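Trainee: Task: produce atomic coordinates for the following.
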Amino acid sequence: MTIERRRLISKPGPVRLGKSLLNAERLLLFQVLRDVLAEPVGEGSTQADALLRRICLALTERSPFIAWAGYIVPDVQGPVFSAKFFAGLDAKALRIPAAAADLLWAVVRDKAPRVVAADDAKAPAWLRGLQDGVAEIALFPFGTALLPGVGLIGVSHPGYFARLGLDTLATFTNLGNVSLCLRAQALHDPLTGLSNRALFVDRLQHARGYARRRQRLLAVALLDLDGFKKINDQHGHAAGDALLRQVSQALQEVMRPADTVARIGGDEFALLFVDMSCLDAIEAVAARVLQALASVRPPSRDGRTEALSGSLGLTVFPLDEGDADTLLLHADLALYAAKAAGRGQYRVHSLDLGIARDAPLRAVERVRRALAQGRLRLDYQPMMQITGEMVGLEALLRLVSEDGEVVEAGALAAALDAPDVARPLGCFVLETVARQQEEWAHDARVAACQISLNISATHVLSPGFLDDVRALLAAHPGLDARALEFEVTESAALRDLRVVATTLRACRDLGARVALDDFGTGYSSLAHLQNLPIDTLKIDRSFVRDMAAHQKGYAVVAGITYMARLLGLRVTAEGVETAAHIRTLKALGCTVLQGYAIAPAMMAADVPEWMAAHALPPAREGGVLCQR
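Mentor: The predicted structure follows:
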């Protein structure tokens with residue numbers, strides 16, 4: 001390694017350091033200190049570095065004895081000190097690996113300055129490369145345990161530091177301490193002492209280049225603690241903070257010196273594993289991280305403690321060719337996949353996870369575009385009494401693609417409840433049903449049918465839902481609210497039971513009926529039946545489809561039907577497709593049937609013709625009520 005010394009200004013040759021020159025040098029150093037401090041220094045790593053740079057430049061420019069000055073800090077890739085800034089010397093290539101016997105590491109460990117003469121044969125090789133043209137070099141340790149630094153000053157006169165006194169430069173060392181403290185505060189989490197997001201991203205950016213040059217793998221991971229909010233709620237934030245410090249310590253013990261662990265959120269940690277050889281090694285280190293968490297014991301009220309667990313998501317560079325932000329995003333996707341798989345799991349990002357992330361966004365955009373372009377419509381599926389009488393039609397949303405393909409709402413389920421489309425979509429359904437009822441008003445048979453509308457959880461929970469319903473009735477005075485039945489799923493009740501119950505009661509006060517859709521598929525609760533003002537219970541098609549072949553499916557349908565009858569609710573079975581379904585449902589006492597055994601969903605224009613063509617008798621043994 002060749003270190004080139006560059007003089008910023010011409011200086012006189014060696015002179016005798018007499019008493020008058022010593023006093024002049026001390027005064028000069030005081031003036032340097034005063035002038036450096038005269039300029040304001042803000043918070044953050046950039047401003048801290050600026051202060052140290054100003055000190056180095058001022059010392060070399062003003063002192064006739066100081067040939068160069070600079071400082072070194074630990075490298076982002078591990079226990080290596082590298083040049084941060086030097087004035088009067090080109091030391092960009094300076095790198096000093098960890099070695100217990102090395103002078104630099106002894107200075108850092110002992111926190112004591114050292115002076116080395118130019119002719120000292122025992123000086124380490126890296127230091128001898130800096131001695132050309134100087135008589136001696138002083139090393140001044142400063143900084144913090146989190147971010148140590150070492151200042152180096154090369155002088156042209158032997159005995160300079162001994163005669164001047166190292167204490168004279170102590171103020172500059174103290175300024176270095178303050179500077180690196182500012183830098184550490186800007187780059188470290190104050191609770192755990194770990195790196196924060198800013199430092200982690202900086203190290204990740206450097207590590208990408210290192211991995212590419214060395215053709216090695218780099219693993220980026222996000223870790224989230226399982227059940228941390230519950231610990232905070234039950235035991236208080238002080239206990240939660242203590243647990244986070246324990247987790248930080250446990251993670252640091254399994255990390256290699258070159259790796260990085262950062263706290264980037266409340267109970268979320270980011271980990272960087274550099275210089276990995278293969279995927280097996282990455283998965284092995286992921287398993288060690290989760291095992292380390294198991295050694296941490298969270299607080300307990302009754303004296304019994306359970307092992308802590310966490311979810312870990314990883315992505316691997318350069319197999320995942322992304323910038324720092326993209327790698328963190330992909331690790332976050334893998335984290336959510338791990339959380340969905342259960343406690344104490346890890347998952348590695350794959351293309352499938354990215355597709356799964358993008359699919360809902362594409363679906364939302366597809367629905368928004370179709371709504372704006374008028375490519376949405378409602379089809380209607382008849383609902384029939386077990387006795388054969390028509391009781392209603394369910395309005396089913398359809399999207400017509402740009403190439404004419406008809407897409408059912410089930411394929412767009414992720415988009416229908418999205419916040420930015422749920423209400424406009426709900427208003428479209430309300431308005432379309434109202435206009436359709438007006439068109440059917442001349443046909444008494446169709447007009448007598450109640451129309452069931454599916455209302456998304458997001459729309460029914462929005463403050464404007466009741467305003468939308470009232471505005472609809474005001475705009476269509478011929479529309480009787482009793483002709484409407486609002487279908488909601490249990491997901492809405494799960495999000496806010498009180499608000500949903502209040503809203504649905506208001507709908508019933510207007511005259512509309514309320515149905516609980518897809519009952520049994522979610523977190524079904526008797527509390528929902530007790531607290532929600534519902535008139536109809538709709539049994540999900542999955543139970544109806546399986547009840548003939550599976551005893552459990554039959555038991556579920558029988559149980560729901562019996563319970564609904566006791567509560568005085570109408571029961572509608574969806575997915576009725578065969579004569580066997582009809583016979584079984586009739587025996588169980590189900591009152592309303594819906595499915596292909598009754599009729600498929602059809603366009604609005606076909607409904608009057610279908611109803612006129614089908615004189616629907618009561619259900620018969622061995623046959624269906626109508627053709628498909």
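
Trainee: Determine the three-state secondary structure at Ser82.
Mentor: Three-state call for Ser82 (DSSP: H, G, I helix; E, B strand; the rest coil): strand.

Trainee: Just to be sure, Lys122 is in a helix?
Mentor: No - going by three-state DSSP, the assignment for Lys122 is coil, not a helix.

Trainee: Okay, it and Leu166: tell me how far apart.
Mentor: Distance check for Lys122 against Leu166: by C-beta to C-beta, to the nearest Å, it reads 20 Å. Where C-beta positions appear, they are placed from N, C-alpha and C, glycine not excepted.

Trainee: what about these two, which has more around it?
Mentor: Leu166 (15 against 9; other C-beta atoms under 10 Å).

Trainee: So the more buried one is in contact with Pro141, correct?
Mentor: No - judged on C-beta atoms under 8 Å, Leu166 makes no contact with Pro141 at a distance of 11.7 Å.

Trainee: shared neighbours of these two, anything?
Mentor: Common neighbours of Leu166 and Pro141 (criterion: C-beta atoms under 8 Å, 6 or more residues apart in numbering): Pro113.

Trainee: Give me the phi and psi angles of Leu532.
Mentor: phi -90, psi 140 (degrees, to the nearest 10).

Trainee: Tell me who's in contact with it.
Mentor: Ala493, Leu497, Val500, Ala501, Leu504, Val514, Leu516.

Trainee: now Ala118
Mentor: Per C-beta under 8 Å, 6+ apart, neighbours of Ala118: Gln131, Val134, Ala135, Glu136, Ile137, Pro158.

Trainee: Spatially nearest residue to the third one (excluding sequence neighbours)?
Mentor: Think Ala135. Spatial nearest neighbour of Ala135, excluding adjacent residues (C-beta to C-beta, 6 or more residues apart in numbering): Pro158 at 4.2 Å.

Trainee: Tell me the spacing between that neighbour and Phe65.
Mentor: The value you get for Pro158 to Phe65, if C-beta to C-beta is used, is 11 Å.

Trainee: Counting neighbours, go ahead and name the busier of those two.
Mentor: Phe65 (23 against 16).

Trainee: how about that one, what does it touch?
Mentor: Applying C-beta under 8 Å, 6+ apart, the residues contacting Phe65 are Leu17, Glu25, Val155, Ser156, His157, Tyr160.

Trainee: of all the residues you listed, which two lie farthest apart?
Mentor: Glu25 and Ser156 (12.3 Å; C-beta to C-beta).

Trainee: Pick the one among the contacts of Phe65 closest to Tyr554.
Mentor: Val155 (94.3 Å).

Trainee: if I look at the closest residue to the closest one other than its chain neighbours, how far off is Asp259?
Mentor: The spatially closest residue to Val155, leaving aside those adjacent along the chain, is Phe65, at 5.0 Å (C-beta to C-beta, 6+ apart). For Phe65, the distance to Asp259 (C-beta to C-beta) stands at 43 Å.

Trainee: Also Gly236?
Mentor: 32 Å.

Trainee: Report how many residues lie close to Ala207.
Mentor: Around Ala207 there are 26 residues (other C-beta under 10 Å).

Trainee: nearest to Val32, of the contacts of Leu532?
Mentor: Leu497 (70.1 Å).

Trainee: From Gln530, how far off is the closest one?
Mentor: On the measure of C-beta to C-beta, Leu497 and Gln530 end up 10 Å apart.

Trainee: and the two? which has more neighbours close in?
Mentor: Between Leu497 and Gln530, counting by other C-beta under 10 Å, Leu497 is the more crowded of the two (16 against 8).

Trainee: Could you count how many residues lie near the residue lying closest to that one once chain neighbours are set aside?
Mentor: Excluding the flanking residues, the one nearest Leu497 by C-beta to C-beta, 6+ apart is Asn531, at 6.2 Å. Taking other C-beta under 10 Å as the criterion, the count of residues near Asn531 is 14.

Trainee: ok, the closest residue to Leu510 other than its chain neighbours to Ala331 distance?
Mentor: Excluding the flanking residues, the one nearest Leu510 by C-beta to C-beta, 6+ apart is Ala481, at 4.6 Å. Per C-beta to C-beta, Ala481 is found 51 Å from Ala331.

Trainee: Over to Pro419?
Mentor: For Pro419, the distance to Ala331 - C-beta to C-beta - is 26 Å.

Trainee: more crowded one of these two?
Mentor: Using other C-beta under 10 Å, the more surrounded residue of Pro419 and Ala331 is Ala331, with 25 against 11.

Trainee: following the one helix or strand the more buried one maps to, which helix or strand comes up?
Mentor: Ala331 is part of helix 324-341, with elements assigned from DSSP states H and E. Counting by DSSP H and E, the element after helix 324-341 in chain order, helix or strand, is strand 346-348.

Trainee: Let me know the closest of the contacts of Ala118 to Val592.
Mentor: Ile137 (92.7 Å).

Trainee: Touching the stretch of helix or strand that closest one belongs to from outside, list them.
Mentor: Ile137 belongs to strand 136-143 when assigned by DSSP H and E. The contact list for strand 136-143, computed with C-beta under 8 Å, 6+ apart, reads 73, 103-104, 107-108, 110-118, 127, 130-131, 148-155, 158-161, 166, 169, 172-174, 176-177, 180-181, 184.

Trainee: neighbour-wise, which of the contacts of Phe65 leads?
Mentor: Going by other C-beta under 10 Å, Val155 tops the contacts of Phe65 with 25 neighbours.

Trainee: okay but it is in contact with Ala67, surely?
Mentor: Yes - counting by C-beta under 8 Å, Ala67 is a contact partner of Val155 at 6.3 Å.

Trainee: what do those two both touch?
Mentor: Residues touching both Val155 and Ala67 by C-beta under 8 Å, 6+ apart: Val134.

Trainee: How confident is the prediction for Leu182, by pLDDT?
Mentor: pLDDT, the model's per-residue confidence, is 61 for Leu182.

Trainee: before we move on, what about the one 10 residues further on?
Mentor: The model reports Thr192 with a pLDDT of 85.

Trainee: Got the phi and psi for Gly236?
Mentor: phi 100, psi 160.

Trainee: Can you report how many residues lie near it?
Mentor: Neighbours around Gly236, by other C-beta under 10 Å: 12.

Trainee: shaky segments in the stretch 251-400 of the chain?
Mentor: Residues of the stretch 251-400 of the chain meeting the criterion pLDDT under 70: 300-307, 351-361.

Trainee: Quick one: neighbours of Ala219, just the number.
Mentor: Ala219, neighbours per other C-beta under 10 Å, totals 27.

Trainee: Could you look up the SS state of the closest residue to it other than its chain neighbours?
Mentor: The spatially closest residue to Ala219, leaving aside those adjacent along the chain, is Phe273, at 4.0 Å (C-beta to C-beta, 6+ apart). Using three-state DSSP, the structure places Phe273 in strand.

Trainee: pretty sure Phe273 is touching Ile282, no?
Mentor: Yes - with contact defined as C-beta under 8 Å, Phe273 reaches Ile282; the gap is 6.5 Å.

Trainee: which of these two has more neighbours?
Mentor: Taking other C-beta under 10 Å, Phe273 and Ile282 do not tie; Phe273 has more neighbours (24 against 21).

Trainee: Quickly note the distance from that one to His188.
Mentor: The value you get for Phe273 to His188, if C-beta to C-beta is used, is 20 Å.

Trainee: and of the contacts of Phe65, the nearest to Gln345?
Mentor: Val155 (59.6 Å).

Trainee: show me the contacts for Glu438.
Mentor: His476, Gly478, Leu479.

Trainee: in what helix or strand does it lie?
Mentor: helix 419-439.

Trainee: Convert that helix to PDB, retaining C-alpha atoms only.
Mentor: Extracted C-alpha coordinates of helix 419-439, given in PDB (Å, rounded to 0.1, in the frame of the first residue of the first chain):
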ATOM      1  CA  PRO A 419     -60.600   1.800   0.600                       C
ATOM      2  CA  ASP A 420     -60.300   3.900  -2.500                       C
ATOM      3  CA  VAL A 421     -62.800   1.900  -4.600                       C
ATOM      4  CA  ALA A 422     -65.200   0.400  -2.000                       C
ATOM      5  CA  ARG A 423     -67.600   3.400  -1.700                       C
ATOM      6  CA  PRO A 424     -67.700   4.400  -5.400                       C
ATOM      7  CA  LEU A 425     -68.300   0.800  -6.200                       C
ATOM      8  CA  GLY A 426     -71.000   0.500  -3.600                       C
ATOM      9  CA  CYS A 427     -72.700   3.600  -4.900                       C
ATOM     10  CA  PHE A 428     -72.600   2.200  -8.400                       C
ATOM     11  CA  VAL A 429     -74.400  -1.000  -7.200                       C
ATOM     12  CA  LEU A 430     -77.000   1.000  -5.300                       C
ATOM     13  CA  GLU A 431     -77.700   3.300  -8.300                       C
ATOM     14  CA  THR A 432     -77.800   0.400 -10.800                       C
ATOM     15  CA  VAL A 433     -80.300  -1.600  -8.700                       C
ATOM     16  CA  ALA A 434     -82.600   1.500  -8.300                       C
ATOM     17  CA  ARG A 435     -82.700   2.200 -12.000                       C
ATOM     18  CA  GLN A 436     -83.200  -1.500 -12.700                       C
ATOM     19  CA  GLN A 437     -86.200  -1.600 -10.300                       C
ATOM     20  CA  GLU A 438     -87.700   1.400 -12.200                       C
ATOM     21  CA  GLU A 439     -87.300  -0.400 -15.500                       C
END
